[in-house]
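S.K.: give me coordinates for this.
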Amino acid sequence: QVQLVESGGGMVQAGGSLRLSCTASGRTFSTYAMGWFRQAPGKEREIVAAIDRSGAGTYYVHSVKGRFIISRDNAKNTVYLQLNSLKPEDTAVYYCAADRKPGWGRGRVFEYDYWGQGTQVTVSS
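M.R.: Next up is the predicted model:
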């Protein structure tokens, strides 16, 4: 089992940047594919980005492509999400999630095995 702890959220003006971090407990972080999701008030949780076990493969939802960057450092048991050119519609609670099954890049909530507690990102206009 793995425990995930997100950090780095906050309030920022439109056009600004934030970097989210998600640190995992245990020694098996490199065996998990990872994803970042977000949930805005009144909306369903949606995939934002995903990354494979090595960090070489990445996926982005269309709305953040070119603005957000997902990366990971397996030596530090950490996955990152760099948020650039933020828009008010990016306001949400952001969650990281771990997928222990073969493959990667899954986009649905139920396909991930472990979740962090979430970190709030608020973008003002």
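S.K.: CA atoms for contacts and neighbours, from now on please.
M.R.: Will do.
S.K.: ok so A75 is a strand residue?
M.R.: No - under the criterion used here (DSSP: H, G, I helix; E, B strand; the rest coil), A75 is helix, not part of a strand.
S.K.: tell me how far it lies from F29.
M.R.: 9 Å (CA to CA, to the nearest Å).
S.K.: which of the two has more neighbours?
M.R.: Here A75 and F29 are compared on neighbour count by other CA atoms under 10 Å; more neighbours surround F29, at 23 against 9.
S.K.: the more buried one: what's it in contact with?
M.R.: 2, 74, 77 (CA atoms under 8 Å, 6 or more residues apart in numbering).
S.K.: can we see that at 6 Å?
M.R.: Shown here is F29, whose contacts under the criterion CA atoms under 6 Å, 6 or more residues apart in numbering are N77.
S.K.: so the residue nearest the centre of the chain bridges to which residues?
M.R.: Centre of the chain computed as the mean C-alpha position; nearest residue by CA atoms, centre = their mean is W36, 2.2 Å away. Using DSSP bridges, the beta-bridge partners of W36 come out as A49, C96.
S.K.: kindly report the same for W115.
M.R.: Taking DSSP bridges, one finds A97 as the beta-bridge partners of W115.
S.K.: wait, doesn't it sit right on R100?
M.R.: No - the pair W115 and R100 does not pass the contact test of CA atoms under 6 Å, sitting 11.9 Å apart.
S.K.: buried sites along the host helix or strand of Y94?
M.R.: When elements are defined using DSSP states H and E, Y94 is found to belong to strand 92-99. Across strand 92-99, burial judged by 16 or more other CA atoms under 10 Å covers 92-99.
S.K.: by contact count, what packs against that strand?
M.R.: Of the remaining helices and strands, those touching strand 92-99 by 3 or more CA pairs under 6 Å, 6 or more residues apart in numbering; DSSP states H and E are strand 33-39, strand 114-115, strand 119-124.
S.K.: which SS state does Q117 fall under?
M.R.: When states are read from three-state DSSP, the local structure at Q117 comes out as coil.
S.K.: mind checking pLDDT for it?
M.R.: Looking at Q117, its pLDDT is 97.
S.K.: what is the burial count for it?
M.R.: When neighbours are counted by other CA under 10 Å, Q117 registers 14.
S.K.: good, we can wrap up now.
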